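S.K.: Sequence and predicted model, in that order:
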Amino acid sequence: MTLDPHDFLYEHAIIAPPPNAGSQLVVIQRLSPYRHFRFLINTSCIICRINYPFSNHGLGEGRKPVRTVPLGVMKMCRIHKRATSAFCGVCLRDAPPLENEADGSLVSCVENDDVETWPGVEATCRTCREEALLRRVMGNPRDREAVGGPRWESPDWETRQTIDTFIEMGEGTITDVINVALEKHWLRSNTKLTNLLSQALAASRLASRDDAAAAGGGYDSDEELSDDEEDPELLSLTEDAGGIRDLAVNDWARIRILDGHWYSPADQYFGNRVPEKPTVVPAFHPCLWTVDDVSIQEMQHPQPEIIRSEVPSSFTLCDQVYRAYQRQMRLILSPAMHNVVRKMVVECTMDGTDPALKASRMTIEEIGQELRNEGVWFNGVDWVERRANLRREEAEERERRRAGARQKEEDESSTVSSVKSDASHETSPVLSTTTLQTTPSPPPSNAADTKESVPSDPPVAETIPPQWPIAIGPNLNPPQLLHSIPFIPETLDHFPQYTRETFVMVRMRTVRFFYTCTIC
């Protein structure tokens with residue numbers, strides 16, 4: 001019914017002998033329906049017969065054999081064998097000669113770019129591209145949500161534009177479309193991209209309105225003003241050239257680090273972890289008294305929503321997020337690392353040791369212990385005075401412990417004496433007061449002589465050289481509190497490969513900075 005609906009070639013299903021057969025018996029041979037069908041297939045243009053089933057167009061005009069995806073090797077006419085991109089290689093639909101938007105049978109056959117989905121296919125139509133994309137995303141709930149469902153109603157402008165470009169014009173591949181949709185879905189779900197983009201668009205519209213008003217023009221209606229919100233060119237310039245996307249990614253990485261979740265996005269993407277170590281450890285604030293919000297103080301850190309955040313959907317997005325994580329880690333920890341090196345220089349100079357040697361031997365856990373010190377989050381701390389005060393406090397604490405121990409011994413001795421006195425009264429009740437008065441008593445002791453002498457430390461100022469070996473900056477009175485103070489994990493032994501590399505990179509840049517200042 002599709003190949004020859006009017007039985008135009010039915011006469012070829014009957015084979016009769018030639019008229020000059022003589023006296024031989026005339027035998028009329030009829031081909032089976034299968035043989036007749038194969039005859040039609042081998043002699044007709046399959047493209048013409050599929051696209052024009054109610055006419056005889058292409059019937060018996062098959063010339064060149066061409067391999068097709070759904071039917072294998074088929075014959076084609078002179079028109080279709082010249083340009084294989086004139087028909088869809090999947091459904092074999094033919095593009096009309098004058099295809100336009102007014103035509104109701106718009107096919108939109110274009111050259112195939114997705115050789116992964118359709119290998120060996122020269123061109124595809126709009127219907128096959130849309131069906132293939134729909135089958136691909138419907139099998140995964142995450143992909144289906146990213147593209148906006150079967151009607152492609154995604155809230156992101158770039159996702160909608162990418163889908164329309166692929167379906168209508170055949171540009172790109174299905175994998176590229178899904179990757180773009182997943183990336184934008186991750187950015188909209190985990191970052192503040194939506195809010196930042198809306199604010200940037202509002203500022204752009206306000207600037208355009210002011211310029212138009214200054215030039216004597218302006219928007220004629222609110223519809224012209226609202227059209228800017230759907231302008232892909234304006235959105236692209238605002239998000240990419242305007243730096244809105246980078247700003248959103250950097251903000252995401254900064255919030256993650258400030259909350260104490262220092263697990264690198266690259267380790268999260270590749271699934272790296274230290275054996276027998278947890279991926280998340282509790283974090284504590286070194287200067288909790290600086291946090292004004294009581295709810296933040298009582299909150300668990302890192303927060304559960306930050307821990308459960310999704311992994312970047314693609315390697316490209318993960319690389320961008322990882323670079324932002326490195327930059328924000330350096331910006332947040334570098335001021336405190338400078339103070340750690342400054343403290344190390346002061347203490348090593350007072351002790352007569354090499355600060356560079358000590359810095360090279362410090363482990364990551366020792367650096368984390370230094371970051372938990374409250375003083376490193378202040379600029380201009382007088383570490384000489386602070387060390388003297390610390391020694392004084394330690395000496396006073398030792399003295400209090402000794403005094404407490406002596407008081408305890410005196411209390412125990414007085415208790416034992418009272419017990420012995422009671423026992424002597426019970427065994428010798430005949431003793432008189434005159435005997436106690438005639439018993440010689442020991443001479444009174446001077447309390448100042450019996451007090452143990454506490455060795456005092458030599459004045460710290462006498463041990464300080466006139467100039468530090470490394471430029472460490474002046475002392476400030478009072479010291480200045482740093483602007484960004486993160487929650488510090490209670491241990492750093494659980495750091496995987498990329499997290500450890502980022503932390504070591506911040507340390508090396510800090511030490512290199514101090515030595516550069518010294519050379520200059």
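M.R.: The structure has been received and is ready for your questions. Remember, predicted model here, so these are calculated numbers, not experimental data.
S.K.: only C-alpha atoms for contact and neighbour calcs from this point on.
M.R.: Noted.
S.K.: what's next to stretch 142-157, contact-wise?
M.R.: For stretch 142-157, the external contacting residues (C-alpha atoms under 8 Å, 6 or more residues apart in numbering) are 134, 137-138, 159-160, 163, 178, 181-182, 184-185, 230, 232, 235.
S.K.: try 6 Å
M.R.: The contact list for stretch 142-157 (C-alpha atoms under 6 Å, 6 or more residues apart in numbering) reads 137-138, 181-182, 185.
S.K.: so where does Asn42 fall, helix or strand?
M.R.: helix 33-43 (DSSP states H and E).
S.K.: Can I get stretch 281-298 as PDB, trimmed to CA atoms?
M.R.: Provided in PDB are the C-alpha atoms of stretch 281-298 (Å, rounded to 0.1, in the frame of the first residue of the first chain):
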ATOM      1  CA  VAL A 281      34.500  16.800  60.500                       C
ATOM      2  CA  PRO A 282      33.100  19.400  62.900                       C
ATOM      3  CA  ALA A 283      34.400  22.900  62.600                       C
ATOM      4  CA  PHE A 284      34.800  25.600  65.300                       C
ATOM      5  CA  HIS A 285      35.200  29.300  65.200                       C
ATOM      6  CA  PRO A 286      38.500  30.700  66.600                       C
ATOM      7  CA  CYS A 287      36.800  34.000  67.600                       C
ATOM      8  CA  LEU A 288      33.300  33.000  68.300                       C
ATOM      9  CA  TRP A 289      32.700  36.200  70.300                       C
ATOM     10  CA  THR A 290      32.900  38.100  67.000                       C
ATOM     11  CA  VAL A 291      29.800  36.300  65.600                       C
ATOM     12  CA  ASP A 292      26.800  38.500  66.500                       C
ATOM     13  CA  ASP A 293      24.100  36.100  65.400                       C
ATOM     14  CA  VAL A 294      23.300  33.700  68.200                       C
ATOM     15  CA  SER A 295      21.600  31.200  65.900                       C
ATOM     16  CA  ILE A 296      24.900  30.900  63.900                       C
ATOM     17  CA  GLN A 297      26.800  30.300  67.100                       C
ATOM     18  CA  GLU A 298      24.500  27.500  68.100                       C
END
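S.K.: Any stretches of the stretch 151-300 of the chain with poor pLDDT?
M.R.: Counting by pLDDT under 70, the stretch 151-300 of the chain contains low-confidence ranges at 212-213, 215-233, 237, 240-242.
S.K.: Looking at the longest helix along the chain now, give me its mean pLDDT.
M.R.: When the chain is parsed with DSSP state H, its longest helix is helix 383-427. Helix 383-427 shows a mean pLDDT of 73.
S.K.: show me where pLDDT drops low in the stretch 1-150 of the chain?
M.R.: Within the stretch 1-150 of the chain, the segments meeting pLDDT under 70 span 16-27, 82-85, 96-106.
S.K.: where along it do the helices fall?
M.R.: In the stretch 1-150 of the chain, the segments counted as helices under DSSP state H, counting those that start in this stretch are 33-43, 46-51, 126-138, 141-147.
S.K.: Just give the nearest non-adjacent residue to His36, would you?
M.R.: Of all residues not flanking His36 in the chain, Ala13 sits nearest, at 5.8 Å (C-alpha to C-alpha, 6 or more residues apart in numbering).
S.K.: OK, contacts around that neighbour?
M.R.: With contact taken as C-alpha under 6 Å, 6+ apart, Ala13 is in contact with 30-31, 36.
S.K.: Most neighbours out of these, which is it?
M.R.: Within the contacts of Ala13, most neighbours by other C-alpha atoms under 10 Å means His36, with 17 neighbours.
S.K.: That one and Arg256: what is the separation?
M.R.: 72 Å (C-alpha to C-alpha, to the nearest Å).
S.K.: Val345: neighbouring residues, count only.
M.R.: By other C-alpha under 10 Å, 24 other residues sit near Val345.
S.K.: So it belongs to a helix, correct?
M.R.: Yes: judged by DSSP: H, G, I helix; E, B strand; the rest coil, Val345 forms part of a helix.
S.K.: Help me confirm that it comes into contact with Pro355.
M.R.: Yes: counting by C-alpha atoms under 6 Å, Val345 touches Pro355, with 5.5 Å between them.
S.K.: which residues in the stretch 201-350 of the chain form helices?
M.R.: Going by DSSP H, counting those that start in this stretch, the stretch 201-350 of the chain shows helices at 222-226, 232-236, 244-258, 265-270, 294-298, 304-307, 315-351.
S.K.: Can you lay out those helices as TSV showing distance to Gly62?
M.R.: Converted to TSV, those look like this (distance: least, C-alpha to C-alpha, whole Å):
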stretch	distance to Gly62
helix 222-226	55
helix 232-236	47
helix 244-258	56
helix 265-270	55
helix 294-298	78
helix 304-307	64
helix 315-351	49
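S.K.: Which of those sits closest to Tyr498?
M.R.: Tyr498 sits nearest to helix 265-270 of all the helices of the stretch 201-350 of the chain, at 6.0 Å, using C-alpha to C-alpha.
S.K.: Name the residues of that closest one that come out as buried.
M.R.: Buried residues in helix 265-270, counted by 16 or more other C-alpha atoms under 10 Å: 265-269.
S.K.: and it, what does it pack onto?
M.R.: For helix 265-270, not one helix or strand is in contact under the criterion 3 or more C-alpha pairs under 6 Å, 6 or more residues apart in numbering; DSSP states H and E.
S.K.: could you redo the last one with a cut-off of 8 Å?
M.R.: For helix 265-270, the packing partners by 3 or more C-alpha pairs under 8 Å, 6 or more residues apart in numbering; DSSP states H and E come out as helix 315-351, helix 497-519.
S.K.: Other residues contacting stretch 328-342?
M.R.: Here stretch 328-342 makes contact (C-alpha under 8 Å, 6+ apart) with 250, 253-254, 257, 359, 370-371, 376-379, 472, 482, 484-486, 502-503, 506-507, 510-511, 514.
S.K.: what's near enough to touch the closest residue to Tyr263 other than its chain neighbours?
M.R.: Closest residue to Tyr263 apart from its sequence neighbours, by C-alpha to C-alpha, 6+ apart: Thr499 at 6.1 Å. Contact analysis of Thr499 by C-alpha under 8 Å, 6+ apart lists 262-264, 267.
S.K.: for stretch 330-348, the distance to its chain's centre please.
M.R.: How far stretch 330-348 lies from its chain's middle: 28 Å, per C-alpha atoms, centre = their mean, to the nearest Å.
S.K.: mind listing what's buried in that stretch?
M.R.: For stretch 330-348, the neighbour count (16+ other C-alpha under 10 Å) marks 330, 332-348 as buried.
S.K.: Buried subset of the contacts of stretch 328-342, written for ChimeraX?
M.R.: To isolate in ChimeraX the members of the contacts of stretch 328-342 that are buried, counting by 16+ other C-alpha under 10 Å, one can use:
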select :250,253,254,257,359,370,371,376,377,378,379,472,485,486,502,503,506,507,510,511,514
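S.K.: Flag the shaky bits of the stretch 401-520 of the chain, pLDDT-wise.
M.R.: Scanning the stretch 401-520 of the chain for pLDDT under 70 picks out 415-473, 511-520.
S.K.: C-alpha coordinates for stretch 499-508, PDB please?
M.R.: Provided in PDB are the C-alpha atoms of stretch 499-508 (Å, rounded to 0.1, in the frame of the first residue of the first chain):
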ATOM      1  CA  THR A 499      42.300  19.700  49.200                       C
ATOM      2  CA  ARG A 500      45.700  19.100  50.600                       C
ATOM      3  CA  GLU A 501      47.400  20.600  47.500                       C
ATOM      4  CA  THR A 502      45.300  23.800  47.800                       C
ATOM      5  CA  PHE A 503      46.200  24.200  51.500                       C
ATOM      6  CA  VAL A 504      49.900  23.600  50.900                       C
ATOM      7  CA  MET A 505      49.800  26.100  48.000                       C
ATOM      8  CA  VAL A 506      48.400  28.800  50.300                       C
ATOM      9  CA  ARG A 507      51.200  28.100  52.800                       C
ATOM     10  CA  MET A 508      54.000  28.200  50.200                       C
END
